[in-house]
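A.B. asks: Just need the structure, nothing else, for what follows:
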Amino acid sequence: MNFSMGKIRAKNRPYRFLLLGLASTVALAACGSSSSSSASATSSANSASQTNGPASGTPYVIHAVLSETGVASELGTPEAQTLKALAAYENTQGGINGHPVQFDIQDNQSTPSLAVSLSTSLLAHHVNVLLDGSYGATDIPVDGLAGSNGPFISDLAPTVRPKAGSMVFRTGTPMQEDFQVILNYLKAKGLTRIAAITSTDSDGTLGWTDLQSTLAQPQYSSFKVTAHQVFDPTAVSVATQLSVLKVSNPQAILVWTVGSPFGTVLQGLSSLGMGNIPIFTSNGNADYGLLGHLSSVVPKSLYFIGEELYMPPSEIKNAAVRAQVQAFDTVIQAAGGKPEAGYGLAWSAGSLVIGAIKKLGIQATAPQILQYMQSLNNSAGIYGLLNFSKDNHDGISTQFMHIFHFTGTSFQPVSHGGGAPLTSASSPS
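C.D. replies: Now for the predicted structure:
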């Protein structure tokens, strides 16, 4: 574990020549603005502008605690891979004002207690920035470690709910907005009889709470929940719960859980002959590796909520966002990944933190980073144009959120931003 500025390992070098060609692409997308001036730390790097050549100074270390193993490894493994690729990419462009970026990554094994233990140890060494992953069960208890003076925590799980003005930011779409877009799409399709199955962990329980509050809004009064069932995420079968849903004769089913438990639900749907019912779930399950392992039980009508990063760049209207997605696609594919949740969450969180340190200097404190982040407006990223404030620590708008149909090999957009169906897209059967 490296708490100081050590050496960058040579394993980042294979990306170098490809990434040098991308520098101009991302430079075009750097149109985010800050509504207030940000304090600068007293550092020799503060007066330095972005270096054009490869970074060669003392590395700046950013710590991350991720779920590389365990039930959330479908997210944690690509997140770790992404941070390494992102560091290599940034370092071809000068790193942080000449200082190479280095991510120090530890595995919390998808265990909340271990996540807290590892993070507490980091804080004892006065770490002021922490990337926290990879799902709600591990992220939420770590968030409790953040005080008024830090650390600044960027959660790689959209299920968390940062308090206004707190040191916690989250990456990805909030579930309230997820459900708005899903319900907008279903309503337009005339599919208003819905059932839900949710896990008993934080992802599922918070999801069910947010679905209920969204359904309570007047514009969704035509919906009827035919049945709702819960299950232990460690269960090996959910046949009993799904049988209840089947009898209720829903037009669509919302499955709210992440990772391995999602596979348990798909297996149950297949065994009960429910594969023709349209299934909607979060983009936490929009993982090519996970879906590849489940290919024999993936229903033909499987839909995900997703953002610009899932869109073909040619179909993204905003030029700055399109440039960001193009760069992301190129780097991640060169690293052996694909545009999907695990890669996107880490890329967005890592990029925002690096951008803040570039602006403030390597001696930036957690409160300074928080102030800077809360002032960002129209900042182009792979999730769209982000607008943060004291009360908004995710910055995402439903304008950049779409419904995608998984065809078995790719994610096909079937809605505009906000959920209005595309007229030429495939419809739920």
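A.B. asks: in this protein, which spans are helices?
C.D. replies: Using DSSP state H, the helices of the chain run over 16-20, 23-29, 73-92, 112-124, 136-143, 175-189, 202-215, 239-247, 260-271, 288-293, 319-334, 341-360, 366-374.
A.B. asks: Remind me what the last one packs against, helices and strands.
C.D. replies: Right, the one you point to is helix 366-374. Helix 366-374 makes packing contacts with strand 152-155, helix 341-360 when contacts are defined by 3 or more CB pairs under 8 Å, 6 or more residues apart in numbering; DSSP states H and E. Any C-beta I mention is one placed from the backbone N, CA and C, and that applies to glycine too.
A.B. asks: Quote the end-to-end distance of stretch 98-113.
C.D. replies: Terminal residues of stretch 98-113 lie 37 Å apart, using CA to CA, to the nearest Å.
A.B. asks: any low-confidence regions in the stretch 51-200 of the chain?
C.D. replies: Low-confidence segments of the stretch 51-200 of the chain, defined by pLDDT under 70, span residues 51-52.
A.B. asks: domains in the chain, as residue ranges please.
C.D. replies: The record's domain parsing of the chain by automatic domain parsing lists 10-172+312-396, 175-306+401-413.
A.B. asks: for those, which one sits closest to Ala420?
C.D. replies: Among the domains of the chain, the nearest to Ala420 by CB to CB is domain 175-306+401-413 (6.2 Å).
A.B. asks: just how off-centre is that closest one within its chain?
C.D. replies: Taking CA atoms, centre = their mean, to the nearest Å, the mean C-alpha location of domain 175-306+401-413 is offset from the chain mean by 18 Å.
A.B. asks: quick revisit: CSV please, covering the domains of the chain and showing mean neighbour count.
C.D. replies: Converted to CSV, the domains of the chain look like this (neighbours: other CB atoms under 10 Å):
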stretch, mean neighbour count
domain 10-172+312-396, 21
domain 175-306+401-413, 19
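A.B. asks: can you list the ones you listed in JSON lines and add distance to Ala420?
C.D. replies: Shown next, in JSON lines, are these (distance: least, CB to CB, whole Å):
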{"stretch": "domain 10-172+312-396", "distance to Ala420": "14"}
{"stretch": "domain 175-306+401-413", "distance to Ala420": "6"}
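A.B. asks: In this structure Leu376 contacts Lys390, no?
C.D. replies: No. Counting by CB atoms under 8 Å, Leu376 does not reach Lys390; the two are 11.9 Å apart.
A.B. asks: Next, the contact list for the residue lying farthest from the centre of the chain, please.
C.D. replies: What lies farthest from the middle of the chain is Val247; by CA atoms, centre = their mean that is 34.5 Å. The contact partners of Val247, by CB atoms under 8 Å, 6 or more residues apart in numbering, come to Ala227.
A.B. asks: repeat for Gln176
C.D. replies: Asp210, Ser213, Thr214.
A.B. asks: hang on, the earlier thing: who wins for proximity to Ala196 among the helices and strands packed on helix 366-374?
C.D. replies: Closest of these to Ala196 is helix 341-360, at 20.4 Å (criterion: CB to CB).
A.B. asks: Quick one: list the elements packing against that closest one.
C.D. replies: By 3+ CB pairs under 8 Å, 6+ apart, helix 341-360 packs against strand 60-66, helix 73-92, strand 129-132, strand 152-155, helix 319-334, helix 366-374, strand 379-381.
A.B. asks: which stretch among the ones you listed comes nearest Leu242?
C.D. replies: With respect to Leu242, and counting by CB to CB, the nearest of those is helix 73-92 at 21.5 Å.
A.B. asks: could you check the distance from the residue lying closest to Val298 once chain neighbours are set aside over to Gly172?
C.D. replies: The spatial neighbour of Val298 that comes closest, neighbours along the chain excluded (CB to CB, 6 or more residues apart in numbering), is Leu291 at 5.9 Å. Separation of Leu291 from Gly172 (CB to CB, to the nearest Å) stands at 18 Å.
A.B. asks: Cool, thanks, signing off.
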